[in-house]
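Colleague: Task: produce atomic coordinates for the following.
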Amino acid sequence: MTAVVQAAAPAITGLVQRGFLTRLTRSPMGAIGLGMLVLAVVLAVFAPLLSPYDPYAHPHIRIEDIYQSPSAAHLLGTDDGGNDVLSALIYGARVSLIVGFAASLMTIVIGGTIGLVAGYQGGRLSTLLMRFTDFVLVIPDLALQIVIVAILGPSLLNIILVIGGLGWTGAARLIRSQTLSVRERMFVLRARAIGAGDLHIVWRHVLPQILPLLLASMVLAVSLAILAESSLAFIGLGDPTVISWGQMLNYAFDRGAVSAGAWWALLPPGFAIVWVVLGAILLGTALEDVLNPRLKRHHLERDRSTHVTEPEGMAWLGVEPARHDTPLLRVRGLTVEFDSPAGPLRAVHDASFEVQRGETLGLVGESACGKTTSVLGLLRLLPPGGRVTAGQVLLDGEDLMALGERDLRAVRGKRVAIVFQGAMNALNPVHRVGDQVAEVIRIHEPEVGAHGAE
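Modeller: Model (predicted):
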């Protein structure tokens, strides 16, 4: 049985596909959502230039200035302090967007890190992280945010930390589920086969695959963060030193806008919140459609192509395999187990076989009986949670089970290789094919050099 594993991918050549912006703007949801958010960002950035008045100024106010209806001087009227509502609305975009983007970034960093670690490592660490995530998830976000902000004080920094520190649970579960799928893909196995470490595999192979999901999740998290800040400000826990849309609603309801019939003090901030939240949802949904690569067929799915069985050995070539006293490959008592919450699960038990030089050996069995696991166990390429617990593997008299990782790396790809069905699935879609082939050459033929491999 000739075995083997294809090599791992090299450096990232680009995380965002070419034409991404074109495809995004061609999507109705993407174009509309992007336009809505860009308008809000432009208002926030150029607030001093676009605002007709300074909402932080405190001019002398007359009674008739309070809750003035819209006019040429004040296009959206005035509030309870005689300040221009349009100016407050434009400046309020700054605070609301700062909280939205900062808290969403914090959410994705925390949730993405926990999801990546839990999904890639598996085992007890994954169980521990997910139980902690579930514990935080069952606590109502808004109720806990109210308690913490009330204790720490309603400052802008505290609001960002509280929203970001409590809103990561959904992202963690989402990223973990995607990581569980990606870590079983062929190109991850190829990376492990050429000796790549866990950090390298996560950074160069797993992260690029889930990056589109991270970007889409971050945009959607912006909308949730803005809603959370508006809710806190509306109940009086917003930063009183700055103007935000939630703060405007709080002042309007608390200071008689409803009884005065001053709809212009209520509707604009509410409309602004809906505008940005809707824009973020549309853009996030479109981003996921545009950036997320199509899922490849899982490497454990059965190949529906017709399987042709060749005659035993090499007789079909008119060549009889040479017989030797010492087989090329001898496997004795190979046993493989996987960790599970219920304890170790035995996937392969006491597998034994021999392969002579020039001989072809077929492992036959029903689906999921352990054929692939047996082959992976020979080169210690089992996925996380799997391990060889017993057995001996002799390759030309050398015990592979006694080799260290460095020595075993020299065996993989040179003396023993594994070619799986659906070999195209072993290619990482975020890397060029030539780069992946070149990395294999650099790893196994260092004398060729980087330039020669290219």
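
Colleague: What distance do you get for residue 380 to residue 255?
Modeller: 71 Å (Cβ to Cβ, to the nearest Å). Quick note: C-beta positions are derived from backbone N, CA and C, even for glycine.

Colleague: Name the next helix or strand downstream of the top helix by length along the chain, please.
Modeller: Counting by DSSP state H, the longest helix found in the chain is helix 85-121. Scanning forward in sequence from helix 85-121 by DSSP states H and E, the next helix or strand is helix 123-138.

Colleague: Check which helices and strands that following helix sits against.
Modeller: Applying 3 or more Cβ pairs under 8 Å, 6 or more residues apart in numbering; DSSP states H and E, we find helix 123-138 packed against helix 85-121, helix 169-182.

Colleague: ok, back up a step: how many degrees apart are the longest helix of the chain and helix 169-182 in direction?
Modeller: Interaxial angle of helix 85-121 relative to helix 169-182 (axes from the mean of the first three to the mean of the last three Cα atoms, to 10 degrees): 40 degrees.

Colleague: For helix 85-121, give the mean pLDDT please.
Modeller: The pLDDT scores in helix 85-121 average 91.

Colleague: Check stretch 283-301 too.
Modeller: Mean predicted confidence for stretch 283-301 is 58.

Colleague: May I see the helices and strands packed on helix 123-138 arranged in TSV, with mean neighbour count as well?
Modeller: Converted to TSV, these look like this (neighbours: other Cβ atoms under 10 Å):
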stretch	mean neighbour count
helix 85-121	23
helix 169-182	21
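
Colleague: Can you convert those helices into JSON lines and add a column each for distance to residue 404?
Modeller: Converted to JSON lines, the helices and strands packed on helix 123-138 look like this (distance: least, Cβ to Cβ, whole Å):
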{"stretch": "helix 85-121", "distance to residue 404": "22"}
{"stretch": "helix 169-182", "distance to residue 404": "28"}
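
Colleague: need the helices for the stretch 301-450 of the chain, in chain order.
Modeller: Assigned by DSSP state H, counting those that start in this stretch, the helices in the stretch 301-450 of the chain fall at 371-378, 405-411, 433-444, 449-453.

Colleague: wait, which of these is closest to residue 182?
Modeller: Among the helices of the stretch 301-450 of the chain, the nearest to residue 182 by Cβ to Cβ is helix 433-444 (16.2 Å).

Colleague: what residue ranges in the stretch 201-350 of the chain are flagged as low confidence?
Modeller: Along the stretch 201-350 of the chain, the model assigns pLDDT under 70 to residues 291-325, 340-343.

Colleague: can we see that at 90?
Modeller: For the stretch 201-350 of the chain, residues meeting the criterion pLDDT under 90 lie at 201-220, 223, 233-268, 281, 283-350.

Colleague: what residues does stretch 247-260 touch?
Modeller: Stretch 247-260 has contacts (Cβ atoms under 8 Å, 6 or more residues apart in numbering) with 67, 79-80, 85, 88-89, 92, 95, 230, 233-236, 238-240, 262-263, 265-266, 268-270.

Colleague: Poorly predicted segments of the stretch 1-150 of the chain, please.
Modeller: In the stretch 1-150 of the chain, residues with pLDDT under 90: 1-31, 47-88, 119-127, 134, 136-145.

Colleague: so how many other residues sit close to residue 259?
Modeller: Using other Cβ atoms under 10 Å, the number of residues around residue 259 comes to 7.

Colleague: what sits against the residue nearest to residue 167 when sequence neighbours are not counted?
Modeller: Using Cβ to Cβ, 6 or more residues apart in numbering and skipping the chain neighbours, the partner closest in space to residue 167 is residue 107 (4.6 Å). Going by Cβ under 8 Å, 6+ apart, residue 107 touches 163, 164, 167, 168, 171, 218, 221, 225.

Colleague: Any chance of CSV for those residues, columns secondary structure and distance to residue 179?
Modeller: Compiled in CSV, those are given as follows (DSSP: H, G, I helix; E, B strand; the rest coil; distance: Cβ to Cβ, whole Å):
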residue, secondary structure, distance to residue 179
163, helix, 25
164, helix, 21
167, coil, 20
168, coil, 15
171, helix, 12
218, helix, 17
221, helix, 18
225, helix, 24
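
Colleague: how about those in JSON lines, adding distance to residue 414?
Modeller: Shown next, in JSON lines, are these (distance: Cβ to Cβ, whole Å):
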{"residue": "163", "distance to residue 414": "53"}
{"residue": "164", "distance to residue 414": "49"}
{"residue": "167", "distance to residue 414": "49"}
{"residue": "168", "distance to residue 414": "44"}
{"residue": "171", "distance to residue 414": "42"}
{"residue": "218", "distance to residue 414": "43"}
{"residue": "221", "distance to residue 414": "47"}
{"residue": "225", "distance to residue 414": "52"}
